[in-house]
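Asker: everything below, folded, please.
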Amino acid sequence: MPREGMAGLCLPAAVSSPFSSSSCSVPSPSRFGFSPSRPSFSESVMDRTVRMAEPIILRWNPADTTTGAAVARVTSLFYESRREAREFVKTVTHLQKAMQFLAEENSGSDKLAQGQNLMQIAMKRLQKEFYQILSMNRAHLDPESVSTRSRSSTGSSATSDFEDDDDDDEIRGGAADAPISDVSLALAMADLRMIAECMISTGYAKECLKIYIIIRKSIVDEGIYKLGVEKLTSSQIHKMDWEALDLRINNYWLGAVRNAVTTLFNGESILCHHVFASSDSIRESCFSEIVKDGAMLLFGFPELVAKHSQKSPPEKVFGALDMYTEISNHWPEIDSIFNYAATVPIKSQALTSLSKLAEFVRAALDEFEVTILKDSSKSPVAGAGIHPLTVDAMNYLSIISDYDNLLAEILADSPPPSKKSLPESYFGFSDPGETQAPAAISMKMAWLVIVLLCKLDTKAKYYKDVSLAYLFLANNLQYVVASVQTSNLKYLLGTEWLAKHEAKVKQFASNYERLGWSHVIESLPSYLTATETSPEKVKEMFKKFNTLFDQAYRKQSLCVVPDKTLRDYIKNSIARRIIRLYKDFYSAHRHTVANGRHVAAVVRYAPEDLRRHLSDMFFGDDDVSDNFLAPRSPLRGSVHNA
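Answerer: Numbers count the residues shown, from 1 in each chain. So this is what the prediction gives:
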């Protein structure tokens, strides 16, 4: 029987693997009378494989300079016919298996050299095809398209809908309802995977990876640059003023993390996982090489900022908190995307940045406390109003309280302030468990408020008039309470804290009223009849009240109470006490002096006038003049009405 005929019996498929197990056993050559000098079975199979592979491979020899091979130099095998491309890849695979089979039996065979020559030609073609697909499909293979298709795909891979089709036309026809971009993406991903698996299995993984890494790394690096992330050294950041650095954080870095994690790195991971699905180690090392520089640059920036800002003003904490928030929010995705041994340094850098940012936040809060304690302004606030320190401090605490979840994490291991150092009258609650917030952050916020209130106590002593000192305390504590009520501090400090400090505001207001107006109130008799008092004594009492009221009004009308609720509370309290007594005195004795001379100078105010004057108080009008206090002939009006 001819040798080829025997091979045909055992290998019915033209290019099927000649080394797979088969039920057909191969007879010994001696049974057919073959001479030992004739080609062995392995050489025969190799010869047949080479003869079948040669025309297919040489047709697409990129180095062939003959006129007939010009098509191989100017076009793409996978673009011309994906069916022929598959046949080409299968042929190369069978050639490699035949060479391996022969090498085990006769490593010095001339057929091996012939096969190796064809293999080199085929690999050059596949390298060129691999490069062309990556280069010509940059738009379709961009990470955003890959990640978007992956999210919308219901299959296990981005190309599951197209991989098993036999022909380019069938693929396009089967995806008639899909967008053209999706079809192009699926075709490109399928072709890249086919080439990569062939090159890796034939020992050309290094050449394949070199092309892939160069092209895909340039895409990732370009993407990072377009997101506004530039390579900056520690010294460059140190020389930048905070405004420029803060602008870079808010306008570029925060958005860059979102886009890089959800799109750039995610899409690159999906593509790399698909193309190199046949080898976990290759896939991991390849992905690491592509994204390492960009990811380290992105996640290393917060660490540099934190180092640069260690001694910066406390308000810069918000930039650090925003960066901490962004990394924390995307940590599950970061952990998933970089979940390889080769990408451990990237995750470590992200964790290091979180740690450095947390250190900076803790240092900034401590610096904020020091800033309050060091405030050295001694000039009393005009009108006993709200001190700028109160406004700045509470605005700071109100904003930072919005980061309560992060602060609870950052401050979890921080030692709480000593209970012995917390004035109970300011602290408001002794057990942090009374709030629904974690103990560490509740303690910290309560302590910072204490520091502020104690500082305000010190500043109240700069008022020579004690009544103004109490009004100053009432105004500022009311501002603190209102800030707590209208911010997340309400949940951090608790309702008991609010109730105790609201009561303290009223206590301060009552002290102000007592010290600022009691002498006016005491000038009026609580009970006095016309028969018990002479007209001269009544006149003296009216004049004394007029003088004391004018003095108190002139002095206290310079004061300001910005909070409407507190302003109305103080005015109504003063009005109730003064007007009630004055109305009784006025009603009982106005006729006693009605017929005397200079009545208007004696009875300057009717009860309605007092009410009107008191209602105009605490708006901070420092232009009060004698004309404002001039009598409006209340007596004449009252007499006529009578």
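
Asker: what are the buried residues along stretch 318-333?
Answerer: Across stretch 318-333, burial judged by 16 or more other CB atoms under 10 Å covers 318-328, 330. Bear in mind the C-beta positions are built from the backbone N, C-alpha and C, glycine included.

Asker: tell me which two in the residues you listed are the farthest apart.
Answerer: In those, the most distant members under the criterion CB to CB are 318 and 330, with 19.0 Å between them.

Asker: contacting residues for residue 288?
Answerer: Residue 288 sits next to 340, 342-343, 346 when contact means CB atoms under 8 Å, 6 or more residues apart in numbering.

Asker: same question for residue 140.
Answerer: When contacts are taken as CB under 8 Å, 6+ apart, residue 140 is in contact with 181, 184-185, 188.

Asker: rerun at 10 Å
Answerer: For residue 140, the contacting residues are 133, 146, 149, 180-189, by CB atoms under 10 Å, 6 or more residues apart in numbering.

Asker: re the thing from before, who wins on neighbours among the contacts of residue 288?
Answerer: residue 346 (23 neighbours; other CB atoms under 10 Å).

Asker: I'd like the average pLDDT over the helix or strand containing it.
Answerer: According to DSSP states H and E, residue 346 maps onto helix 344-374. Taken as a whole, helix 344-374 has a mean pLDDT of 93.

Asker: please state the offset of it from the chain centre?
Answerer: 15 Å (CA atoms, centre = their mean, to the nearest Å).

Asker: and what of stretch 221-238?
Answerer: 18 Å.

Asker: hmm, back to that, report the buried members of the contacts of residue 140.
Answerer: Buried among those (16+ other CB under 10 Å): 133, 146, 149, 182-189.

Asker: restricted to strands, list those residues.
Answerer: Among the buried ones among the contacts of residue 140, no member is found in strands (DSSP state E).

Asker: residue 473 and residue 384, how far apart?
Answerer: Going from residue 473 to residue 384 by CB to CB, to the nearest Å gives 9 Å.

Asker: same question, residue 477
Answerer: In terms of CB to CB, residue 477 sits 12 Å off from residue 384.

Asker: for residue 551, same thing?
Answerer: For residue 551 relative to residue 384 (CB to CB), the value is 17 Å.

Asker: swap in residue 41?
Answerer: Distance from residue 41 to residue 384, by CB to CB: 109 Å.

Asker: more neighbours, the two?
Answerer: Each of residue 41 and residue 384 has its neighbours counted (other CB under 10 Å); residue 384 has more, 29 against 18.

Asker: still on that earlier bit, between the buried ones among the contacts of residue 140, which is nearest residue 492?
Answerer: Looking across the buried ones among the contacts of residue 140 and measuring by CB to CB, the closest to residue 492 is residue 146, at 43.4 Å.

Asker: any idea how far the closest one lies from residue 226?
Answerer: Taking CB to CB, one finds residue 146 at 17 Å from residue 226.

Asker: same thing with residue 277?
Answerer: 29 Å.

Asker: ok, now residue 588?
Answerer: For residue 588, the distance to residue 226 equals 86 Å [CB to CB].

Asker: more crowded one of the two?
Answerer: Between residue 588 and residue 226, counted using other CB under 10 Å, residue 588 has the larger neighbour count: 16 against 11.

Asker: quick one: that one from residue 524, how far?
Answerer: 11 Å.

Asker: list residues touching both of the two?
Answerer: In contact with both residue 588 and residue 524: no residue, using CB under 10 Å, 6+ apart.

Asker: what pLDDT does the model give the closest residue to residue 221 other than its chain neighbours?
Answerer: Nearest in space to residue 221, with sequence neighbours left out and distances taken as CB to CB, 6 or more residues apart in numbering, is residue 294 at 5.6 Å. Reading off the confidence values, residue 294 has pLDDT 96.

Asker: do you have the helices of the stretch 101-250 of the chain handy? List them.
Answerer: 110-136, 143-152, 168-174, 180-201, 205-226, 234-239, 242-248 (DSSP state H, counting those that start in this stretch).

Asker: just the angle between the second one and helix 205-226, please?
Answerer: Taking axes from the mean of the first three to the mean of the last three CA atoms, to 10 degrees, one finds that helix 143-152 is oriented at 100 degrees with respect to helix 205-226.

Asker: can you pull the domain assignment for this structure?
Answerer: When the chain is parsed with automatic domain parsing, its domains come out as 39-206, 217-357, 375-501, 523-641.

Asker: tabulate the ones you listed (JSON lines), appending distance to residue 511.
Answerer: Shown next, in JSON lines, are the domains of the chain (distance: least, CB to CB, whole Å):
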{"stretch": "domain 39-206", "distance to residue 511": "65"}
{"stretch": "domain 217-357", "distance to residue 511": "33"}
{"stretch": "domain 375-501", "distance to residue 511": "4"}
{"stretch": "domain 523-641", "distance to residue 511": "11"}
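
Asker: between the ones you listed, which has the poorest mean confidence score?
Answerer: Among the domains of the chain, domain 523-641 carries the lowest mean pLDDT (a mean of 71).

Asker: for residue 615, give me its contacts.
Answerer: 568, 571-572, 575.

Asker: what two of these are the furthest from one another?
Answerer: The widest separation within those (CB to CB) is 10.2 Å, between 568 and 575.

Asker: of those two, who's got more company?
Answerer: Neighbour tally, residue 568 and residue 575, criterion other CB under 10 Å: the higher count belongs to residue 575, 17 against 13.

Asker: test my guess that the more buried one contacts residue 610.
Answerer: Yes - between residue 575 and residue 610 there is a contact under CB atoms under 10 Å: 7.5 Å.
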